[in-house]
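# Mind folding the following:
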Amino acid sequence: MTVDLGQQYIDFLAYFQQNALSHPLRLIYSFSNGLGGSMIGTNAYYLASPFNLLLLLFPQKYLVLGVLVIIALKIGTAGASSFYYWQKKFKLSGAYLLAAACAYALCGFVVANYLNLMWLDSVILLPLLLDQIDHLFQDKKSHLILITFLCWLSNFYTGYMVLLFGFCYFIKELFLKDLGKKRTALAIRYFKLSIFGSLLCSFVLLPTFFELIGGKASSQSIWNFKWQFPLYQAALKLMVGSYNYHEMEAGMPNIFIPMSLLLGGIAFFLSNFSKKQKVANGILLVFLILSLSFNPLVLIWHMGQFPIWYPGRFSFILSFFLLELSLFFLEKGVLSNFGKIFLMLIAILLGIFWFLNQHHVAFINPTSLIISLLFLLSALLFTLLVHNNHGLAEHYLLLTVIVEITCNLFLSLNNITFQNNTDYLNFSNNLHDVTTSLTNDFSRIEKTFSRSDDDPFTANYHGISVFNSISNQKVTTLLSNLGYLHNSNSVTNNGGTPITDAILGIKYYLEPNYAHDRIKPELKMQFNNLNNRIDLENYLIHKEYSQLLLLKNPSATPLIYLTQGSLQVPDFDPANPLTNQQLLLNQITDTNLPVIASTFLPNPEGTGVDHQSKSIMAFHKQQNATISRIRFTINIPNDNDFYLQLPAGINTDSASLFINNRQINLDDRDVQAHLINLASHQRGTQMIISFVMHHETIDLSELKLWQIDIRALNQRLADFNSQQPKIHQLGDLSLISNPFVTKSAVNLASSIPYSKNWLIYDLKQNKLLTIFPAYHAFLGTNLQEGKHQLLLIYLPFTFLIGILASLFTLLFIKLHNRVD
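Residues are numbered from 1 along each chain as shown. Predicted coordinates for the structure are as follows:
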C-alpha cells in the first residue's frame, strides 16, 4: 500500500467490507464520514465497482490481500477486454493482439494509478464501449445502454472521460464511413442509447450531482488559455520508469506505451492509409495530446476541476488510441522510403531529446535512459526491418513489449515506497478492540495520533477527521475556523482544545499506552502523526488496553442539544481560532462569560538574527550565522491550559519549533493559524520556546499566547449538559431522544452537519419540524414550550428520486424493446 491507497481507499474498503452485509444502511449515511455525512457520493466515486464485492469473501484480517487480488483482476481484465475488442476489429495474429493488450493493461496510466483502483474499471470499459459503438455502424445489436450504465456506475468520474472519448470516437467514425442518409438515424440511435444508459444510472448520478454541488464542485476553477507545462516535455514520459512522487503530485500525465507500438502509431500517418483516415485520426490524436496540458481541455476532461495530484487522469485513453493506430499500421500499413527516413528521424530526435534532458527531471537516471534508448533502437529495427519482412516478427514484438512493460513496471514502482501491511493490521485490530466496546454510546471518539484521516472508517467509530474528495465544504470551513488543520478535501484531528472537544461532542479520547513493554515487536502499533494534546490531563482514564488508553471527557456536549442562544454563524476571524472557539461556545451556552484570556508574551531573545524594520517580532538571518534562533521564556502562573497561536505560514518549511528542547510537529495542510498546546496543570513551570529559522526571514508579529480557564469551562459545560435530553441511535439512519419538557421556546442545535435529507418529527407534538442550518453548518430547528420527544430520520430524497427514475427508465426500455 502507498499514498492514497494506504491513507484513504483502504479505510473506505474496510468500511464497505464490514458494513455491506451487516449494516447496509451505513452505506447511505455514516457518522464515520467526518462529523457525519451522506455516503452515496463517496460510494459512487470510491466503492461502486462490482469488483469490490469480492472483498466480502475475505476475512477482515486479509483485507489487504483482497485489495491486491482486485487490482490484479482489474489489470488482467483490462488486457482481456482490449484483446477481445481488437480481435474482432483487426485481422492480425494473436501475438500482435496480445502484445497490444499487454501494453494497454500495463500502460503508464495503469502503472502510475494502480493504487487508484476505483479508476481501473474505466480502463476495462473503454474497449467495450468502442465495440458497442462499432456495432451501431455495423447495424448489429448494440449493448451501448449497458456499457454506458456501467461507465457511470463503476466510477462516474473516469466513466465520464470514457464516455466523452466515446462521443469523439463516434463523431470520427461518422465522418470516416460512407453512410449516406443513414448518418442522422445513426446519430439519433447513438444519443438515444447513451441517454437511456445515463438515465438508468440516475440512482447514482442524481444524488452524487447534488453532493458535488455542495462539496468539491462548489469551488470555482479559473478558466484561462494557459498551459500546465510545455507540451514537448511530455515526450520524457515515454521513457521507462518515468514516474516518482513528484510526478504523482505535480508532474506530467503518464503516457508510456512500448516503443515498438508507439512508433507504429506514428507510422500510421506516414504509411499508405487514405488522407481522410489520417486527417480524422490525426485531429482526434492532436485533441488528446493538447488535452494533456492546455487548461481549457484539462478542465473539460476533469469535470471542470483541476486534478489535485495524479495529473492527466484520462491518459489511458491516449495510450489506447495510439495502440489502436499502431494495430492499423501492423495490419495494413506499408512505409515508403520517405516514411522510413522520416520515422527514423523522429526516433533519433526523441533519443537526443531524452539525452539532453536527463538532468532536468528527477525520474531519469542513467539506467532508465540506457534502457529506454535500447528499446527505442529495438522499436526502430522492428518497424523498419522486421515488420512485414520476417516470419517471427509477431513473436519479436510480443517479446520486446513484455520485456519493456516489465522494465517500466519495475523501475516506476522502485521510485516510490510502500507501507508495511502489518502496521495497518495492528492498527486496525487494536482500534477495533476499543471501538466495539462503545457501539451503544452515541458520541464521538478522537485520538492523539493517526494512521490516516479516514481512521474512523477502518474502525467504525464516530470521529471528526476525514479525507474525502466528496466533502462538505461548510463543515470544513467551520472546523478550520476552530483551528483544525485542513485542506480542500480533508480535516485532521490536529488543532483541538477542551472547548472544541466539548462542543463537537468528543466524549472519548485515545492515546498511546506506553506502560506495556511486553508486546511482541510484530504486534506493536505504530503511533504516527502524534498530536501535542497535553491538555488531555483534564480527562480521566476510562479503560486501559494493552497498547491504548481510553480517556473520558465529562464535559462533552451531546450531539444534539437545546440552547437559548442564537443559531446564527458567529463573526469568525480565521486568524484567531481560539477566539472563534470562545464565540461559538458563548452562543451554544448562551452566556458571554469568557473562558479564554490573552497572556503576555515576553520579548524574544535572538541568536544569529537581526530585527526587520522597527518590529521586534520580525527577523532575518545574520550573514554567516550557523544557526538562527528566536527564543521566548515563559513562566506558567497557574493550572490553566496554555496555547501558543502560530501565525499562518509558520510550518516545517519555514521553521522548527522546540518546547523545552522537545521538537513539535509543524506539518500543516492549507495556510492557517495553528494552536500548539504548551501546558496543562503545570503551575510554576518554565517553558522555553525556540524557533529555528529555515528561511531568510520570519515574521512572528501575530504570535500569541492564550490560556483557557479549565475550571470555568467545565463548570459552564456541567450546567449546560445537565439541562439536555438524552439522544440514542435508534437505527443506522435514525435517532431518538428521551421525552423532555421545555418551559419556553428554545432552539435545538447540534454538531451534526446540516442536510435537507434530515427529518425531525416531534412525537409528543405530533408534527414535523422545520429544519435549518445552525452556525451555517449544523442541523438546527426551533421547539415550542411543552412536552417533546424527537425522532430524527435521514431520508436520502435525491437517491430515492434517482431510484424511481432508474426504474421508470428500465420499464420504458423493456416496453420499447417489446414493441420493437
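
# What helices and strands are in contact with the lengthiest helix in the chain?
The helix that spans the most residues within the chain, counting by DSSP state H, is helix 63-89. With contacts taken as 3 or more Cβ pairs under 8 Å, 6 or more residues apart in numbering; DSSP states H and E, helix 63-89 sits against helix 10-19, helix 94-105, helix 120-137, helix 315-332, helix 421-435. In this view, the C-beta of every residue, glycine as well, is placed from N, C-alpha and C.

# Let me have those in JSON lines, adding mean neighbour count and mean pLDDT as columns.
As requested, the helices and strands packed on helix 63-89 are arranged in JSON lines below (neighbours: other Cβ atoms under 10 Å; pLDDT from 0 to 100):
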{"stretch": "helix 10-19", "mean neighbour count": "23", "mean pLDDT": "96"}
{"stretch": "helix 94-105", "mean neighbour count": "23", "mean pLDDT": "97"}
{"stretch": "helix 120-137", "mean neighbour count": "23", "mean pLDDT": "98"}
{"stretch": "helix 315-332", "mean neighbour count": "24", "mean pLDDT": "97"}
{"stretch": "helix 421-435", "mean neighbour count": "19", "mean pLDDT": "92"}
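
# can those helices go into TSV with extra columns for distance to residue 280?
As requested, those are exported to TSV (distance: least, Cβ to Cβ, whole Å):
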stretch	distance to residue 280
helix 10-19	41
helix 94-105	21
helix 120-137	14
helix 315-332	11
helix 421-435	48
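
# picking that back up, which parts of the longest helix of the chain are buried?
63-64, 66-67, 69-71, 74-75, 77-79, 81-83, 85-86, 89 (16 or more other Cβ atoms under 10 Å).

# Also stretch 516-527?
525, 527.

# and what of stretch 531-538?
For stretch 531-538, by 16+ other Cβ under 10 Å, it's 531-536, 538.

# model confidence over it, on average?
Stretch 531-538 shows a mean pLDDT of 92.

# Run through who's touching it.
447-450, 493-494, 496-498, 509, 511, 551, 553, 641, 664-665, 676-681, 708, 710, 714 (Cβ atoms under 8 Å, 6 or more residues apart in numbering).

# What is the end-to-end distance of stretch 53-66?
10 Å (Cα to Cα, to the nearest Å).

# on that earlier part again, among the buried residues of stretch 531-538, name the ones in helices.
Counting by DSSP H, those contribute nothing to helices.

# Can you add distance to residue 340 and give the residues you listed back as CSV?
Below are those laid out as CSV (distance: Cβ to Cβ, whole Å):
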residue, distance to residue 340
531, 65
532, 67
533, 70
534, 74
535, 75
536, 74
538, 79
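
# so which of the helices and strands packed on helix 63-89 gets nearest residue 690?
Closest to residue 690 of these is helix 421-435 (Cβ to Cβ; 32.3 Å).

# Determine how far that closest one lies from the middle of the whole chain.
Helix 421-435 has its C-alpha centroid displaced from the chain centroid by 22 Å (Cα atoms, centre = their mean, to the nearest Å).

# Check which element follows that helix along the chain.
strand 444-447 (DSSP states H and E).

# can you list the residues that contact that following strand?
31, 35, 434-435, 438, 455-456, 461-465, 493, 496, 501, 504-511, 531, 556, 559.

# Direction included, what does that strand pair up with?
strand 506-512 (parallel) (DSSP bridges).

# Show the buried residues in the contacts of stretch 531-538.
Buried among the contacts of stretch 531-538 by 16+ other Cβ under 10 Å: 447-450, 493-494, 496-498, 509, 511, 551, 553, 641, 664, 676-680, 708, 710, 714.

# Keep only those of those residues that are in helices.
Taking DSSP H, the ones among the buried ones among the contacts of stretch 531-538 that sit in helices are 498, 710, 714.

# nearest to residue 767, of the helices and strands packed on helix 63-89?
Comparing those under Cβ to Cβ, the one sitting nearest is helix 10-19, at 33.2 Å.

# quick one: the helices in the stretch 601-750 of the chain?
Ranges of helices in the stretch 601-750 of the chain, per DSSP state H, counting those that start in this stretch, are 710-721.

# if we can go back for a sec, out of the buried residues of stretch 531-538, which are inside strands?
Among these, no member falls in strands (DSSP state E).

# From those residues, pick the one nearest residue 168.
residue 531 (49.3 Å).

# correct me, but residue 707 touches residue 600?
No. Assessed by Cβ atoms under 8 Å, residue 707 is found out of contact with residue 600, at 10.7 Å.

# Show me which of the two is the more surrounded one.
Set residue 707 next to residue 600 and count neighbours by other Cβ atoms under 10 Å: residue 707 wins out with 21 against 7.

# Please tell me how far the more buried one sits from residue 684.
15 Å (Cβ to Cβ, to the nearest Å).

# contacting residues for residue 422?
residue 522.

# Quick check: it vs residue 530, distance?
20 Å.

# And residue 692, by the same measure?
Residue 692 sits 20 Å away from residue 530, going by Cβ to Cβ.

# repeat for residue 598
From residue 598 to residue 530 the distance is 28 Å (Cβ to Cβ).

# can you list contacts of the helix or strand hosting residue 588?
Residue 588 belongs to helix 577-589 when assigned by DSSP H and E. Here helix 577-589 makes contact (Cβ under 8 Å, 6+ apart) with 481-483, 495, 497, 499-500, 502-503, 557, 561, 563, 565-568, 570-574, 592, 594-596, 643, 645, 672-673, 675, 706, 708, 713, 716-717, 719-720, 749, 775.

# quick check: mean pLDDT across it?
The model assigns helix 577-589 a mean pLDDT of 96.

# just checking, next helix/strand downstream of that helix?
That would be, after helix 577-589 and using DSSP H and E, strand 596-599.

# Quick check: buried residues in that next one?
596, 599.

# Quick check: which ranges of the protein have low pLDDT?
215-220, 818-820 (pLDDT under 70).

# Let's see that with 50 instead.
818-820 (pLDDT under 50).

# Okay, the residue of it most remote from its centre and residue 440: tell me how far apart.
Distance to the chain centre peaks in the chain at residue 337, reaching 50.8 Å (criterion: Cα atoms, centre = their mean). Separation of residue 337 from residue 440 (Cβ to Cβ): 82 Å.

# ditto for residue 303
Distance from residue 303 to residue 440, by Cβ to Cβ: 41 Å.

# neighbour count winner among these two?
Ranked by neighbour count (other Cβ under 10 Å), residue 303 and residue 440 place residue 303 first, with 16 against 7.

# Help me confirm that that one is found in a strand?
No. According to DSSP: H, G, I helix; E, B strand; the rest coil, residue 303 belongs to no strand; its state is coil.

# Could you shift the numbering so residue one becomes 44, and keep it that way?
With the count now opening at 44, the last piece we talked about shows up as residue 346.

# Backbone torsions only: list them for it.
Dihedral angles of residue 346 (phi, psi; degrees, to the nearest 10) stand at phi 60, psi 40.

# which residue packs closest to it, ignoring adjacent ones?
Closest residue to residue 346 apart from its sequence neighbours, by Cβ to Cβ, 6 or more residues apart in numbering: residue 203 at 6.3 Å.

# now swap in residue 842 and tell me
residue 250 (4.4 Å).

# burial of that neighbour, as a residue count?
25.

# Assess the claim that it and residue 838 are in contact.
No. Counting by Cβ under 8 Å, residue 250 stays clear of residue 838, with 11.9 Å between them.
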